[in-house]
Every structure is written in C-alpha cells, then in structure tokens.
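**Q** 3D, please:
(2 chains)
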Amino acid sequence: MYDKAVRRRRAVLAVLVALSLTLLTAYFGESSSGGLHSVQRGAMEVLAPIQEGANRVVKPFRDLFGWFGSTLDAKDERDKLKKERDALRQQVTELQVDGSENKQLRSLLDINTAGGMKAYEPVIGRVFARSPSTWYSTVEINKGSSDGVRPDQPVINGEGLVGKVKSVSDGNAIVMLLTDQEFGVSAKAARSGEPGSIDPAVGAPGDLLLELVPRGKLVTKGERIVTAGTVSTRLKSLFPPGILIGTVHRVDEGEGELDRRIHVRPAADLRRLEFVEVLTKPGTDLRAATTPTPTP
Amino acid sequence: MTATRPAIARLVALGLLGSILQLTAVAQITVFGVPADLSPLLVAAVGLLMGSVPGALFGFSVGLFVDTALLQTLGISSLVLTAVGYWAGRLRELRDPAHGLVPVAIGALATAVYAIGFSVMQFLLGVDAPVSLLLVRQILLTIILNTLLALPVYLLVRRVLSPLLPDDPRRRRRRAYTTGGLSPLSRA
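**A** Numbers count the residues shown, from 1 in each chain, chains lettered A, B, ... in the order given. Sure, this is the predicted structure:
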C-alpha cells in the first residue's frame, strides 16, 4: 500500500516535470506562428474579457492602495519636482530658441507633415493586465486587430515612448514595454544630436542603455533621448522620429570610449500605465517625405 | 487525499481567481517599487495543506495559466511551481509542521525558490544578463513583501479548502495527547 502511494507520487512528479520540459523545449524551438503560440493566443483571447472585467472590479481597491503609496511618496516627489521645475525653466528657454530655428529649417525643407501624433492615427487602449515578472515587461490592452492594431506598431502615452505591439488578437494586444529584454529602438540625443541605439539594461529592470554612440562624450547627464526615425524607404524605422524616450540619468565612464555606458531613465512611468496610444500609421511621415508629388 | 469533484472544483476556482487577481490587481500595486506575487504563495499553501501530489498538480496548472495569460515561454513557471508545490507537500507529509509561523517561512522560501528558479531558467535559456544589484534587490523585496502576505494567503486558502482537509495538526496532536488519539470525533 505504502509502496504504491510512493510510486504514484513519484510518477505524478515525473510526468509533470517531463510535461513542463516538453512544453518548454517545443515552445522555445518553434516560430511565433507555431502551434503552441497559436494555442496561447487563443487562450489569451478567451481570458482577456475575464481579465478586463476583473480589472474594472478591483480598480477601486487598487486605487486605494495607490493613494496610500502616493501619499507616502508625495514629499519626496515634491522635492524632486521642484528641482525638475527649475531645470525645465532653463530647458524651456533653450527650447524656445531651438524652436524658432527649427521652424525656419522646417520651412526650408518644405516638410508638410509637421503635425503632432494625430498624423499617425493613434488608437487609445486601456491597460488591463500586466506581467509581474522582471523578465517579461509586457502589458495587455483592450484594442486589437479589429481596431487597426498590428504587431510592431509603436505605443506611447502622454509622457513618451512606452514600447511596441508584440502580439495581437482580435480585440486585444500585448504591448512589449521598452524595458523588455527583447526591445530595441534607434535613438538620438536631442541636444547633441548623437545617434545611438536604446536597449534595456538586461538584469537591471527599469533601466535603459544608450549604446553604439559614436561620440559618447557629447552626451551628458540630463540630456533627453528621442527616437531617431529614418527617411529611408529601404530600412524603415518602426518608430516615427522625435518621440521622447527618456533622460540620461547616469554616465558610467569606462577605460575607453567603447566602455562608456549611458544610462537612460524612461520618460513614461511604466509602472502606472492606465491608457496608452498605439500609432497605427507610424510610417505616415516617411511616406509623405518620400512619395514624389504628382505634377499637373 | 482523494481527487473528488468538489476538491477539484475548489482547487480550480482557487487557482483561477488567485491568478486573475494577481494579474489584474496585485501586479499593479507596487511597494518599494516591486509588486507582490501571489502564485508561489498559493501553490505553497495548497501543497502544505493537501500534500505533495495536489501541490505539484496545482503548481503545474497555475504556472501554465500564468505563462499562457502573459504570453511567456510555456513551461517555465509550470516547472518551477511544480517543484514548489511538491516540496511544500512533502514537508507536510514528512514533518507535519504545527507551528503557527510555518506558513510564513514556507511562503518566504517558496517565493525565493520561484524567483531564483525563474531567473536561473531564463539564464539557462540564453538570456545574456548580468546579475545586477537591482535584480537582486528586486528579488529580495518581492520575498519580503510575499513573506508579509504569506499568512493571510495561507489562512484564506485553508478557509477555502477547509471542507476537504483533515484536522489542523495542532488540534490533532492536542486531541491525541488528551484522548490517546482514539477520539471518535477525529476526522483524520
């Protein structure tokens, strides 16, 4: 009797471990259009309405906890904001000068797509679930392919770049945040104009690195980093130019130019996302700039 | 523990509600910059109350649900949570711990095993990441936060599963001490 129970217990454990390893191997080995991925997307489609409903139900409790947390953090935040306000005043002055120069340059280049984000046909989505894991920085939104959302479209909020669409089902989408280990975007420093690439600092959640900067010395603490975009039709960037990604908050000096590590703090508060915008026509500007105007 | 329909229904409801609550609410409330993670606490509590086989099965199912709902690599959470559930169940079967703070210690250990096991799996799958101080800090804070939640979660799980459970070890031992273990009221 005892032996039978022991054998049964060990058999169950062995089966579960074997099943997990089989799933892991099969999932890891197949492409994103494979069978397990499809099953996962189907399950997500079923679970999404339940999660969204639960999200609405628990929102008041979440807000209550958030209120306590916010009150505790308020003093620190006030001091930080005062410093930020002073820095912003200085920045506004600089921006006014830059703005007038920019206006002249734009008129010279005859760019007629100087609109805001409306040009990219944004679709507003509500965040209703998020990954608690350090390794997978994703959120789930209630807009999907039926709203025009497609994989790889940029996602922003009022503060700056949030990430990109990772996967889409009919009425929902998974958004990969810019702190996800798989995320990457071409970027440039707003003031010095130095180009580079923004990648997450893997193993340091919430931190980004500006890499592949040719003249890293020119990029200093406090500088804003924006998406670089591109005007090439051959190598289109997924992201329109000029979207704020974050601010340089630390520069680790190395022995040489290549060892320099520029740390960027995301402008968007990725822990408190309620609504985001998916830019469903991110290439609008590029097409406008590259399509030849018809001659009468 | 026999797998009766009410037992399975209660475990399924517990797993589903717990996981949905985790995804929609708990994961969005951060304390010191990290959210709590109910999954290892739920699995450890079920293992501790019901034994190794239900614990392992519950861990596998919760892990599979979490991986599916979050579009993560299938199998990672299942594997780690299976180990957590089995281990918690074996502890009950071998030691039958009766101290009131046992769920707290088990909750902390289960969270540590889950967080570290998950990270190790990621490294084994080829994520090129340094073990930064920030990551260690995040894991430690999650363990502390989960330790604080371990007892309430355990009590809640015990309440949900109470019709299926034998007596509490402490009560069982007290009765055995006073009646020589021959009480006709004993359900164990």
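**Q** strands of the chain, residue ranges please.
**A** I went with chain A, as the question did not name one. Here chain A has its strands, by DSSP state E, at A:122-130, A:138-141, A:154-157, A:160-168, A:173-177, A:185-189, A:195-200, A:208-211, A:224-227, A:244-252, A:261-266, A:275-279.
**Q** wrong chain, I was asking about chain B
**A** B:30-31, B:34-35.
**Q** which one of these is the most hemmed in?
**A** Counting by mean count of other C-beta atoms under 10 Å in any protein chain shown, strand B:34-35 has the highest mean neighbour count of those, with a mean of 21. Where you see a C-beta, it was placed from the backbone N, CA and C, and this is true even at glycine.
**Q** residue of chain B nearest chain A, please.
**A** Nearest residue of chain B to chain A, counting by C-beta to the nearest C-beta: B:Gly75, 3.2 Å away.
**Q** that residue: what's it in contact with?
**A** The neighbourhood of B:Gly75, defined by C-beta atoms under 8 Å, 6 or more residues apart in numbering or on different chains, consists of A:Ser20, A:Leu21, A:Thr22, A:Leu23, A:Leu24, A:Thr25, A:Tyr27, B:Asp67.
**Q** make it 10 Å
**A** Shown in contact with B:Gly75 (C-beta atoms under 10 Å, 6 or more residues apart in numbering or on different chains): A:19-28, A:36, B:60, B:63-64, B:67, B:121.
**Q** list buried residues within those residues.
**A** Among these, those buried by neighbour count (16 or more other C-beta atoms under 10 Å in any protein chain shown) are A:Leu19, A:Ser20, A:Leu23, A:Leu24, A:Tyr27, A:Leu36, B:Phe60, B:Gly63, B:Leu64, B:Asp67, B:Met121.
**Q** turn those residues into TSV, including distance to B:Leu49 and pLDDT.
**A** Converted to TSV, these look like this (distance: C-beta to C-beta, whole Å; pLDDT from 0 to 100):
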residue	distance to B:Leu49	pLDDT
A:Leu19	24	93
A:Ser20	23	92
A:Leu23	27	91
A:Leu24	28	89
A:Tyr27	31	88
A:Leu36	32	86
B:Phe60	17	95
B:Gly63	19	94
B:Leu64	21	92
B:Asp67	24	89
B:Met121	27	87
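**Q** rank the strands of chain B by pLDDT, which is bottom?
**A** Between the strands of chain B, the one with the least mean pLDDT is strand B:30-31; it has a mean of 80.
**Q** out of the strands of chain B, flag the one nearest A:Met44.
**A** strand B:34-35 (20.5 Å; C-beta to C-beta).
**Q** what comes into contact with the closest one?
**A** Residues contacting strand B:34-35 (C-beta under 10 Å, 6+ apart): A:130-134, A:205, A:271, B:22, B:25-29, B:137-146.
**Q** swap in 7 Å and give it another go.
**A** When contacts are defined by C-beta atoms under 7 Å, 6 or more residues apart in numbering or on different chains, strand B:34-35 is touched by residues A:Pro132, B:Val26, B:Ala27, B:Gln28, B:Ile29, B:Gln138, B:Leu141, B:Thr142, B:Leu145.
**Q** repeat that for stretch A:118-125.
**A** With C-beta under 7 Å, 6+ apart, stretch A:118-125 has contacts from A:113, A:141-143, A:147-149, A:240, A:275-282, A:284-285.
**Q** let's go with 10 Å and repeat that
**A** A:113, A:116, A:139-144, A:147-149, A:153-157, A:165, A:172-173, A:175, A:239-240, A:243, A:273, A:275-285, A:288.
**Q** for that stretch, measure first residue to last.
**A** Length of stretch A:118-125, first residue to last, C-alpha to C-alpha, to the nearest Å: 15 Å.
**Q** can you give the distance of it from its chain's centre?
**A** Offset of stretch A:118-125 from its chain centre (C-alpha atoms, centre = their mean, to the nearest Å): 16 Å.
**Q** buried sites along that stretch?
**A** A:Ala119, A:Tyr120, A:Pro122, A:Val123, A:Gly125.
**Q** just to revisit the earlier point, tell me which two of the contacts of B:Gly75 sit farthest apart.
**A** A:Phe28 and B:Phe60 (18.0 Å).
**Q** what number of residues lie near A:Arg265?
**A** 14 (other C-beta atoms under 10 Å in any protein chain shown).
**Q** tell me the confidence at it?
**A** What the model reports as pLDDT for A:Arg265 is 91.
**Q** any idea what it is bridged to?
**A** A:Thr247 (DSSP bridges).
**Q** tell me who's in contact with it.
**A** A:Gly206, A:Asp207, A:Leu208, A:Ile225, A:Ile245, A:Gly246, A:Thr247, A:Val248, A:His249, A:Arg250.
**Q** neighbour-wise, give me the winner out of the residues you listed.
**A** Using other C-beta under 10 Å as the neighbour test, the contacts of A:Arg265 are led by A:Ile225, with 29 neighbours.
**Q** that older thread, CSV for the strands of chain B, including distance to B:Gly15?
**A** Below are these laid out as CSV (distance: least, C-beta to C-beta, whole Å):
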stretch, distance to B:Gly15
strand B:30-31, 24
strand B:34-35, 19
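**Q** list the contacts for B:Gly15?
**A** Contacts of B:Gly15 were listed using C-beta under 10 Å, 6+ apart, and they are B:Ser39, B:Leu42, B:Val43, B:Val46, B:Phe58, B:Gly59, B:Ser61, B:Val62, B:Gly63, B:Leu64, B:Phe65, B:Val66.
**Q** skipping its backbone neighbours, what lies nearest the second one in space?
**A** Ranked by C-beta to C-beta, 6 or more residues apart in numbering or on different chains and with sequence neighbours excluded, the top spatial neighbour of B:Leu42 is B:Gly18, at 4.6 Å.
**Q** so the one you found sits right up against B:Thr24, yeah?
**A** No - between B:Gly18 and B:Thr24 there is no contact under C-beta atoms under 10 Å: 11.3 Å.
**Q** may I ask you to name the longest helix in chain B?
**A** helix B:133-161 (DSSP state H).
**Q** on that earlier part again, how close does the residue nearest to B:Leu42 sit to A:Asp79?
**A** From B:Gly18 over to A:Asp79 the distance is 39 Å, taken as C-beta to C-beta, to the nearest Å.
**Q** so between the two, which is more surrounded?
**A** The residue with more neighbours, out of B:Gly18 and A:Asp79, is B:Gly18; 24 against 9, by other C-beta under 10 Å.
**Q** kindly state the pLDDT recorded for that one?
**A** 91.
**Q** then B:Ala13?
**A** 92.
**Q** same question, A:Ile111
**A** Per-residue confidence (pLDDT) for A:Ile111: 31.
**Q** for the one 5 residues further on, same thing?
**A** According to the per-residue confidence, A:Gly116 scores 63 in pLDDT.
**Q** do the same with the one 3 residues further on
**A** Looking at A:Ala119, its pLDDT stands at 74.
**Q** ok, the closest residue to B:Gly51 other than its chain neighbours - how many residues close by?
**A** Leaving aside its chain neighbours, B:Gly51 sits nearest to B:Gly89 (4.5 Å; criterion: C-beta to C-beta, 6+ apart). By other C-beta under 10 Å, 29 other residues sit near B:Gly89.
**Q** hang on, B:Gly89 packs against B:Arg95?
**A** No - in this structure B:Gly89 lies outside contact range of B:Arg95 using C-beta under 10 Å: 11.3 Å.
**Q** pLDDT weak spots in chain B?
**A** B:1-3, B:127-131, B:166-188 (pLDDT under 70).
**Q** all helices in it, in order from the N-terminus.
**A** B:5-24, B:38-50, B:52-69, B:76-95, B:102-124, B:133-161, B:169-179.
**Q** cool, thanks, signing off.
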